[in-house]
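In: Based on what follows, work out the 3D shape:
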Amino acid sequence: MAESDIDYYFDPVCPFAWLTSKWVRSVALQRGYTVNWRFISLRMLNAHIDYERHFPPGYEAGHTSGLRLLRLAARARAEHGPAVVGPLYEAIGAQVFDAEGSEDLDPAERGSRAFVEPLLAEAGLPGHLAEALEDDRWDALLRAETDRALSLTGKDVGTPIVHFRPPEGMAFFGPVISRLPAEPDAVSLWDHVVGLASFPGFAELKRSLRERPQLRSFGVTHGEAGQEEDWHGGSRRHKR
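Out: Numbers count the residues shown, from 1 in each chain. Purely as a prediction, here's the structure:
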């Protein structure tokens with residue numbers, strides 16, 4: 001796989017990974033960075049978790065649809081090269097989080113052929129790739145790439161994971177952002193994040209209070225601040 005300025009590990013159903021990816025695209029465009037879009041599966045990260053006890057309703061179906069979409073992306077990369085992953089992720093994320101009606105999109109529907117076939121066409125990819133949704137032969141590759149992401153940060157993280165200037169550069173989980181910064185602010189935020197992560201002794205800076213993401217799927221429109229909530233382990237359930 002060609003070396004890039006940024007390796008970006010994403011799960012396509014994570015709203016914060018989607019928002020952060022839009023920020024990273026803005027930074028990459030302004031700085032001339034290349035981005036290698038790589039895979040990390042929330043369903044695999046939480047394979048040992050009792051979803052009913054630890055997550056709100058719908059999370060297991062949602063994470064499972066993410067795994068199915070990653071199978072699709074893995075096959076697309078294998079057959080058409082890594083350059084197709086970014087446009088495919090962009091098409092999927094826009095439909096899942098930003099499109100009209102995304103707030104009512106059923107979690108399981110996101111992993112269906114009916115959902116992905118128009119998005120494959122939008123990304124310039126053939127519709128037969130949708131066969132990968134149910135093909136668990138891609139899971140070994142996805143598990144290896146998920147393990148690779150976790151080897152960069154440790155296991156007590158979620159998505160996204162950003163690796164700047166691999167293989168030697170720093171890697172970090174997040175940042176978790178609820179709004180997309182304007183273009184000049186995007187670069188400033190990037191420099192602050194990279195500056196902090198570059199200090200060898202830095203480990204963590206965190207708060208669980210988050211605004212609901214500024215996405216249609218969360219009922220928050222552009223220019224509006226979402227309601228602040230206390231999130232735990234990547235979900236809005238208020239009890240651990």
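In: all contacts plus neighbour counts: C-alpha atoms, from now on.
Out: OK.
In: which residues in this protein form strands?
Out: Secondary structure of the chain (DSSP state E): strands at 6-10, 35-39, 161-164, 171-173, 209-211, 228-230.
In: what does the fifth one rub up against?
Out: Just to be clear, that refers to strand 209-211. 178, 225-231 (Cα atoms under 8 Å, 6 or more residues apart in numbering).
In: Just the buried ones out of these, please.
Out: Neighbour-count burial (16 or more other Cα atoms under 10 Å) is assigned, among the contacts of strand 209-211, to 178, 226, 230-231.
In: possible to save those as a markdown table with pLDDT and distance to residue 75?
Out: Shown next, in a markdown table, are the buried ones among the contacts of strand 209-211 (pLDDT from 0 to 100; distance: Cα to Cα, whole Å):
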| residue | pLDDT | distance to residue 75 |
| --- | --- | --- |
| 178 | 90 | 31 |
| 226 | 80 | 36 |
| 230 | 85 | 37 |
| 231 | 77 | 33 |
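In: Out of the residues you listed, which is nearest to residue 190?
Out: Proximity of the buried ones among the contacts of strand 209-211 to residue 190 (Cα to Cα) peaks at residue 178, which lies at 15.1 Å.
In: what sits against the residue nearest to that closest one when sequence neighbours are not counted?
Out: Leaving aside its sequence neighbours, residue 178 sits nearest to residue 213 (Cα to Cα, 6 or more residues apart in numbering; 4.3 Å). Neighbouring residues of residue 213 by Cα under 8 Å, 6+ apart: 15-16, 19, 177-179, 220, 226.
In: how big is the angle separating the longest helix seen in the chain from strand 6-10?
Out: Counting by DSSP state H, the longest helix found in the chain is helix 59-80. Counting by axes from the mean of the first three to the mean of the last three Cα atoms, to 10 degrees, helix 59-80 points 140 degrees away from the direction of strand 6-10.
In: and helix 59-80, what other elements does it pack with?
Out: In terms of contacts (3 or more Cα pairs under 8 Å, 6 or more residues apart in numbering; DSSP states H and E), helix 59-80 is packed against helix 42-45, helix 85-93, helix 139-153.
In: okay, and for this protein, where does confidence drop off?
Out: 1-2, 233-240 (pLDDT under 70).
In: And for the protein, the residue most distant from the center?
Out: residue 201 (26.4 Å; Cα atoms, centre = their mean).
In: gap between that one and residue 170?
Out: According to Cα to Cα, to the nearest Å, residue 201 stands 12 Å off from residue 170.
In: rewinding a little: now for the contacts of strand 209-211: which two are most distant?
Out: Most distant of the contacts of strand 209-211, by Cα to Cα, are 225 and 231, 16.3 Å apart.
In: quick one on the thing from earlier: what subset of the contacts of residue 213 is buried?
Out: Applying 16+ other Cα under 10 Å to the contacts of residue 213, the neighbour count classes 15-16, 19, 177-179, 220, 226 as buried.
In: CSV for those residues, including distance to residue 152?
Out: CSV is the format used below for these (distance: Cα to Cα, whole Å):
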residue, distance to residue 152
15, 22
16, 19
19, 21
177, 21
178, 24
179, 26
220, 33
226, 31
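In: Of those, which belong to helices?
Out: 15-16, 19.
In: Residue 73 is nearest to which of the strands of the chain?
Out: For the strands of the chain, proximity to residue 73 was assessed by Cα to Cα; strand 35-39 is nearest, at 8.5 Å.
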